[in-house]
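**Q** Sequence plus predicted model, see below.
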Amino acid sequence: MPARRLLPAAAAAALVAAASGCGQDARSGMPQATPRSQQQDAAPAAAAKPKAPSHARRAPPPAPVSATRVIRRWSDTLRGGDEVGAARYFAVPSIVQIEPGQKTYRITRRAQAVAFQAVLPCGARLLSAVRDGRYVNALFRLTMRPGATCDAPGQTARTDFVIRGGKIREWRRAPDEPGDGGGSSGGGSAPPVTGPSA
């Protein structure tokens with residue numbers, strides 16, 4: 001089984017471990033790891049946003065330059081292996097969701113933000129960022145990174161972000177979309193990132 005599928009349990013364990021290392025106990029409000037069998041039984045029906053047929057959709061508007069800059073800097077920092085530096089891009093508190101439609105976790109301490117970075121097995125290069133309601137939907141090409149073993153280098157992944165005050169307030173793994181590119185060199189049909197350092 002690819003390591004990517006083990007992320008929800010690993011993330012919960014890392015966040016709980018980070019909290020316990022900071023003097024919090026199991027009743028502190030930190031998430032507890034849910035056995036895989038229970039996660040599968042509780043998978044919500046609305047895990048993915050319904051999308052109009054691609055021929056009927058307009059190109060989404062580009063993301064704000066300031067939000068794109070934060071996302072790019074976070075992904076570049078993590079791709080370079082600096083988990084502590086990458087954690088500094090997260091607001092405290094913030095929300096993370098490792099798999100679409102699954103449980104969300106609340107980061108309430110800086111150590112939890114660092115632990116979250118540590119459970120992400122891949123680095124990522126930002127390919128595009130578009131506005132999607134209150135979110136910025138970012139498309140990444142996964143890469144190897146120091147200190148971790150990426151199970152899907154060259155594949156693509158999407159994440160929905162809420163950026164406020166120059167910080168990541170929400171990080172939610174988003175569903176892949178048709179044409180994202182998987183292992184191909186194309187970045188899918190989303191508009192490319194523009195602006196400084198693109």
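**A** Thanks, I have it.
**Q** looking at it, residue 180 is touching residue 141, isn't it?
**A** No. Residue 180 is beyond contact range of residue 141, at 9.8 Å (criterion: C-beta atoms under 8 Å). (Glycine included, C-beta is placed from N, CA and C.)
**Q** ranges for the strands of this protein?
**A** Counting by DSSP state E, the chain has strands at residues 90-97, 105-107, 123-132, 135-143, 156-164, 167-174.
**Q** With respect to residue 79, which of those lies nearest?
**A** Each of the strands of the chain was scored for nearness to residue 79 using C-beta to C-beta, and the closest is strand 123-132 (3.2 Å).
**Q** From the contact counts, what lies against that closest one?
**A** Contacting strand 123-132 under the criterion 3 or more C-beta pairs under 8 Å, 6 or more residues apart in numbering; DSSP states H and E are the following elements: helix 65-79, strand 135-143, strand 156-164.
**Q** Mind checking the pLDDT average for that strand?
**A** Averaged over strand 123-132, pLDDT sits at 97.
**Q** mind listing what's buried in that strand?
**A** Neighbour-count burial for strand 123-132 flags 123, 124, 125, 126, 127, 128, 129, 130, 132 (criterion: 16 or more other C-beta atoms under 10 Å).
**Q** and the second one, what are its bridge partners?
**A** Read it as residue 124. Counting by DSSP bridges, residue 124 is bridged to residue 142.
**Q** Same check on the last one?
**A** Assessed by DSSP bridges, residue 132 has beta-bridge partners residue 135.
**Q** Please tell me how far it sits from residue 82.
**A** Residue 132 is 28 Å from residue 82, where distance means C-beta to C-beta, to the nearest Å.
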